[in-house]
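Visitor: Make a model of this:
(one chain, ligands or ions: 2)
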Amino acid sequence: MITVFWTCLLLYSNTLSYSHDSTNKGNVKNCKYLEETHLETLFKAIDYRKDVFVERLAHAVAIPSVSSQSEHQEDLVNMLKWTGDILNNLGFFWQIKSPTLSNKSNSSTSLKYPFLLGHLAKAQNINKQVLNKSKTLLIYAHVDVVAAKQSEGWEQSDPFVMERKNGFLKGRGTTDDKGPVVAWLNALSVLKEELGNDCFPPLNIKIFLETGEEIGSPGLREILSNEATFFNDIDYLVVTDNYCLTNYKPCLTYGLRGMVYFSLEINGPFKQDLHSGVHGGPIDEPLRESVYLLASMVDKDGKILIPEIYDDVLPLEEPENASYSSIQFNDETPGAYFVASKNEVLAKKWRWPSLSVHGIEGSISQKGDVKSVIPHRILSKFSIRLVPDQDPERVKELVRSYLEELHADWTLGKENANTMTLKSLHEGVLAWYNPNPQNNPVFIAAEKAVKRVYGLEPDYTREGGTIPAVVYLSQAIPSPTNVILLPIGTTDDGAHSQNEKLSEQHFMNGTKLMLAYIYELSLTQY
Ligand code: BES
Ligand code: ZN
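Guide: Ligands and ions are numbered 1, 2, ... in the order given. Sure thing, here's the model as predicted:
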């Protein structure tokens, strides 16, 4: 039933793009390469295709490629194949590669998180010699999403059926990261459909898509090392998987925080839940200890209390701190920040580590439940966002030794006490930043592209989130600093949250930005 539904959807999606192809091919002609004067025509061609492009995103959203749920493994592959079908029409060669994930994965070893590696066939262009000399741009994105259930508070009846309402595209993945993926495909479609084989910008284009980003990128490093030849001729890396601070000021992003993610299991010295009236008092309680341990790691102002954890944090020097003052910032998260100044908010999000508690399994959680029970097993999940120069392995050790010490103290002198198991759920990811973005060709080209599309200077921003591929890809390509994050969505899009959305305007302008970016980058060579 589900397969039939998918087959229909895939056919439908291809029909849409084919029919459009045939009516709009090759409107820009008689040129050697794409020229400045053609950009307006291409931007109009993007506007003209708006409904088709929105429809394409709806198809992507409808594939529930939730990487954290094993029942959606097939959808991860479906998502790559769906993208591959579009890439075929664009003249890409592509392959799907699965990591073996031998004895490393925290999940069952039978689960695989495949990658798509594609490149735009060189021969399609006018002048092979020029392309052989041209630089190569790699576009990275992820096509997996985090889980979503209507009952969590979504306004629409199904988070995987995209809704188009009041200028917004609503549904899981619209901003993180399917909207950006589809925007890249749309930008490339317009190039192909409008230029045919003429006037193509002299730039080699590769694409690398991941299906396990949302769970810490299992197998990423394995693929990078197995497929080293795919990555070792990359000159520039662009990633569209983050957000601008406002909806009126575009931005270019030069930093990300890293992350370590833990599960903390506390088991009581009893095998099932107990009545607190019958047993409460002389018994160790797993939830009490869990809450104590979690609360001991961070104070009320968010300062992490784990000894030595700030030792390797790079100070925020004046030029950078000063640069925050001119950043446009109107994050409307209602009344959400407990610090008042803009610089402090940004530094706390971008430049200082933070600890978040994500959930506590095993306590009563049924709505309205008032059971007077002592739960026998509690599994808490928490993570720490890391900043330069914190080392994930060192932070893991610090967390472990602090919690072991607290646990030893908690259980001291008790005949029967709780037991504690701490696990790292991801490999751990370093923070990333580009130390000198303004002078880097990937940022210079992006700044020009932003000016073309928006008529504005972009703000230079960092981010508080984590994208493992940015760290590892920048280590795998020959010029590690030629890496840029080029966001199209905004902070208030609600990534990972209920009612995730992307504005139609950003979807369309983002597509233009991507196209202009390809054009600007292609000028920096041959
Ligand atoms: N798009 C986000 C990364 C991001 C988040 C950028 C917030 C900027 C601000 C990405 O899809 C994501 O959610 N990454 C995970 C990675 C983790 C599982 C290692 C994250 O940051 O939690
Ligand atoms: Zn995400």
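Visitor: which bits of the chain sit near ligand 1?
Guide: 176-177, 213-214, 216, 241-243, 259, 426, 429, 463-468, 495 (CB under 6 Å from any ligand atom). Yep, even glycine has a C-beta here, placed from its N, CA and C like the rest.
Visitor: Among these, which are located in helices?
Guide: P468 (DSSP state H).
Visitor: In the protein, what residue lies closest to ligand 1?
Guide: G465 (2.1 Å; CB to the nearest ligand atom).
Visitor: and the gap between that residue and T240?
Guide: 13 Å (CB to CB, to the nearest Å).
Visitor: In terms of neighbours, single out the busier of these two.
Guide: T240 (24 against 17; other CB atoms under 10 Å).
Visitor: Which residues are in contact with the closest residue to the more buried one other than its chain neighbours?
Guide: Closest residue to T240 apart from its sequence neighbours, by CB to CB, 6 or more residues apart in numbering: P180 at 3.7 Å. P180 sits next to A141, T240, D241, P487, I488, G489, G510 when contact means CB atoms under 8 Å, 6 or more residues apart in numbering.
Visitor: Sort out for me which of those residues are in helices.
Guide: G510.
Visitor: Kindly indicate which of the contacts of P180 lies nearest L346.
Guide: Nearest to L346 among the contacts of P180 is P487, at 15.5 Å by CB to CB.
Visitor: so how many other residues sit close to the residue nearest to the closest one when sequence neighbours are not counted?
Guide: With sequence-adjacent residues excluded and distances taken as CB to CB, 6+ apart, P487 is closest to N242, at 4.6 Å. Counted with other CB under 10 Å, the neighbours of N242 add up to 26.
Visitor: ok, now N482?
Guide: Neighbours around N482, by other CB under 10 Å: 21.
Visitor: for the nearest residue to E36 once chain neighbours are set aside, what are its contacts?
Guide: Excluding its sequence neighbours, the residue lying closest to E36 (CB to CB, 6+ apart) is Y519, at 7.9 Å. Applying CB under 8 Å, 6+ apart, we find Y519 in contact with L34, E36, L39, P201, A449.
Visitor: which one of those residues sits closest to E152?
Guide: Once CB to CB is applied, the member of the contacts of Y519 that ends up nearest E152 is A449, at 36.8 Å.
Visitor: doesn't R385 fall inside a strand?
Guide: Yes. Using DSSP: H, G, I helix; E, B strand; the rest coil, the assignment for R385 is a strand.
Visitor: Do you know the pLDDT at it?
Guide: Per-residue confidence (pLDDT) for R385: 98.
Visitor: Just list the residues touching the closest residue to it other than its chain neighbours, thanks.
Guide: Leaving out its chain neighbours, the residue that sits closest to R385 by CB to CB, 6+ apart is R257, at 4.2 Å. By CB under 8 Å, 6+ apart, the contact set of R257 is W350, P353, R385, L386, V387, A431, E463, G464, G465, T466.
Visitor: again with A446
Guide: By CB under 8 Å, 6+ apart, the contact list for A446 reads V238, L252, P458, I484, L486, Y517, E520.
Visitor: Ok, P114 next?
Guide: With CB under 8 Å, 6+ apart, P114 has these contacts: L76, V77, L80, I96, K97, S98, T211.
Visitor: now it: how far from H38?
Guide: 37 Å.
Visitor: Narrow the contacts of P114 to those that are buried.
Guide: L76, V77, L80, T211 (16 or more other CB atoms under 10 Å).
Visitor: and the two most separated of the residues you listed?
Guide: Across these, no pair lies farther apart than V77 and T211, at 7.8 Å, counting by CB to CB.
Visitor: circling back to that earlier point, can you list which of the contacts of Y519 are found in helices?
Guide: Per DSSP H, the subset of these in helices is L39, A449.
Visitor: Please type out the PyMOL selection for whichever of the residues of the chain next to ligand 1 turn out to be buried.
Guide: Under the burial definition 16+ other CB under 10 Å, those of the residues of the chain next to ligand 1 that qualify are selected in PyMOL by:
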select buried, resi 176+177+213+214+216+241+242+243+259+426+429+463+464+465+466+467+468+495
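Visitor: residues near the residue lying closest to G428 once chain neighbours are set aside, how many?
Guide: Closest residue in space to G428, ignoring its immediate chain neighbours: P392 at 3.0 Å, by CB to CB, 6+ apart. When counting by other CB under 10 Å, one arrives at 20 neighbours for P392.
Visitor: shouldn't K249 be in contact with S326?
Guide: No. At 10.5 Å, K249 and S326 do not qualify as touching, with contact defined as CB atoms under 8 Å.
Visitor: which regions of the stretch 301-450 of the chain lie under the pLDDT threshold?
Guide: In the predicted model of the stretch 301-450 of the chain, residues 332-334 satisfy pLDDT under 70.
Visitor: on that earlier part again, the residue of the chain closest to ligand 1: what's it in contact with?
Guide: N242, L256, R257, R385.
Visitor: can you list these in JSON lines and add distance to S151?
Guide: Below are those laid out as JSON lines (distance: CB to CB, whole Å):
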{"residue": "N242", "distance to S151": "28"}
{"residue": "L256", "distance to S151": "32"}
{"residue": "R257", "distance to S151": "31"}
{"residue": "R385", "distance to S151": "28"}
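Visitor: Okay, and which of those residues map to strands?
Guide: The strands, defined by DSSP state E, take in L256, R385 from the contacts of G465.
Visitor: give me the number of residues near the closest residue to E504 other than its chain neighbours?
Guide: Using CB to CB, 6+ apart and skipping the chain neighbours, the partner closest in space to E504 is G167 (5.2 Å). Neighbours of G167 under the rule other CB under 10 Å: 10.
Visitor: I figured T100 hits E222, correct?
Guide: Yes. Judged on CB under 8 Å, T100 makes contact with E222 at a distance of 6.8 Å.
Visitor: higher neighbour count, the two?
Guide: Neighbours were counted for T100 and for E222 using other CB under 10 Å; E222 has more, 17 against 12.
Visitor: Tell me if I'm right that the more buried one and L101 touch.
Guide: Yes. Between E222 and L101 there is a contact under CB under 8 Å: 7.4 Å.
Visitor: can I assume S290 sits in a helix?
Guide: Yes. Per three-state DSSP, S290 lies within a helix segment.
Visitor: How is the residue nearest to it when sequence neighbours are not counted classified with respect to secondary structure?
Guide: Nearest residue to S290, sequence neighbours excluded (CB to CB, 6+ apart): I378, at 4.5 Å. Recorded secondary structure, I378: strand (three-state DSSP).
Visitor: isn't I378 right up against D273?
Guide: No. At 10.9 Å, I378 does not count as touching D273 under the criterion of CB under 8 Å.
Visitor: The two: which is more packed in?
Guide: Using other CB under 10 Å, the more surrounded residue of I378 and D273 is I378, with 22 against 16.
Visitor: contacting residues for that one?
Guide: Applying CB under 8 Å, 6+ apart, the residues contacting I378 are E265, I266, P286, L287, S290, I360, E361, G362, S363.
Visitor: repeat that with 7 Å
Guide: I266, P286, L287, S290, I360, E361, G362, S363 (CB atoms under 7 Å, 6 or more residues apart in numbering).
Visitor: my read: the fourth one touches K381, true?
Guide: No. Applying CB atoms under 7 Å as the test, S290 and K381 come out as separate, 10.9 Å apart.
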